[in-house]
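*Asks:* The sequence and its predicted three-dimensional model are supplied below.
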Amino acid sequence: MTTVISCTCRPPFVHGPGFLAADFLYRSAVCADRTQGGKKLRRREADGLPMLLLIRLVTKLRGDAPVALDFDDELVADDSDTDLRATLTWLHDTRFIALNGMAGRIARLWLSPAVGCMGGTDPRIAAARHSFPYMTIAEDGMAAPQPVTVHEYSPQLWQSVYEQNQESFDSTRFLDYQCPEHGINQ
């Protein structure tokens with residue numbers, strides 16, 4: 001009898017500066033809104049929703065394809081449907097995602113490669129599809145007056161991003177140390 005060894009390695013997730021930029025940009029906007037007119041800043045659970053939603057979306061990536069977001073599956077105890085929709089709208093308006101349509105309670109959307117993509121995905125093509133900008137974090141982070149710099153879409157900029165990170169973008173396999181074919185015991 002022949003034993004079939006199946007590989008458990010998977011494509012790597014390549015995250016970009018847009019992942020953290022979304023959180024910085026949202027929190028700085030919330031802080032500015034709440035402190036306007038001398039109000040005291042109070043944190044709410046929903047303040048971290050953009051980052052949590054991006055993490056959820058990243059786990060659904062499958063190559064260079066849109067992500068299906070089922071509202072019923074994504075709502076957790078502390079989320080409200082209104083907060084989830086408001087967060088999706090904010091992420092869309094700030095161009096971290098592109099909404100490709102809604103069918104009932106399922107949204108079909110594209111994630112900006114500045115936020116992240118799967119290894120083997122060409123970020124130049126993904127960025128061109130929706131003219132996604134490239135977001136970077138200011139050197140001083142949240143202490144900077146403008147914590148996020150948005151570089152408008154440019155094929156030359158995305159070419160430069162690709163060339164500087166080509167090894168990561170071209171990687172199609174994240175080696176699993178427990179993989180029966182590629183693991184540490186082989």
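*Replies:* Arrived safely.
*Asks:* Which parts of the chain are helices?
*Replies:* For the chain, the helices defined by DSSP state H occupy 18-35, 49-59, 71-74, 81-93, 123-130, 155-164, 166-170.
*Asks:* looking at those, which is closest to Ser6?
*Replies:* Between Ser6 and those, the tightest spacing by C-beta to C-beta is seen for helix 49-59, at 21.7 Å. All C-beta spots, glycine's among them, are computed from the backbone N, C-alpha and C.
*Asks:* Name the residues of that closest one that are buried.
*Replies:* Of the residues in helix 49-59, Leu49, Pro50, Met51, Leu52, Leu53, Leu54, Leu57, Val58 count as buried by neighbour count, 16 or more other C-beta atoms under 10 Å.
*Asks:* can you list these in a markdown table and add distance to Val14 and pLDDT?
*Replies:* Shown next, in a markdown table, are the buried residues of helix 49-59 (distance: C-beta to C-beta, whole Å; pLDDT from 0 to 100):
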| residue | distance to Val14 | pLDDT |
| --- | --- | --- |
| Leu49 | 23 | 80 |
| Pro50 | 20 | 87 |
| Met51 | 18 | 86 |
| Leu52 | 20 | 85 |
| Leu53 | 19 | 87 |
| Leu54 | 14 | 89 |
| Leu57 | 14 | 88 |
| Val58 | 10 | 85 |
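*Asks:* how about the nearest residue to the most centrally placed residue in the chain, chain neighbours excluded?
*Replies:* Central residue of the chain (C-alpha atoms, centre = their mean): Val115, 3.9 Å from the mean position. Excluding its sequence neighbours, the residue lying closest to Val115 (C-beta to C-beta, 6 or more residues apart in numbering) is Gly18, at 4.0 Å.
*Asks:* and that neighbour, what is it in contact with?
*Replies:* Phe96, Ser112, Ala114, Val115, Gly116, Tyr134, Met135 (C-beta atoms under 8 Å, 6 or more residues apart in numbering).
*Asks:* Then Tyr134?
*Replies:* Gly16, Pro17, Gly18, Ala114, Ala127, Val150, His151, Tyr153, Leu157, Trp158, Val161 are the contacts of Tyr134 under C-beta under 8 Å, 6+ apart.
*Asks:* Name the nearest residue to Leu25, ignoring sequence neighbours.
*Replies:* In space, and not counting its chain neighbours, Leu25 is closest to Val148: 4.5 Å by C-beta to C-beta, 6+ apart.
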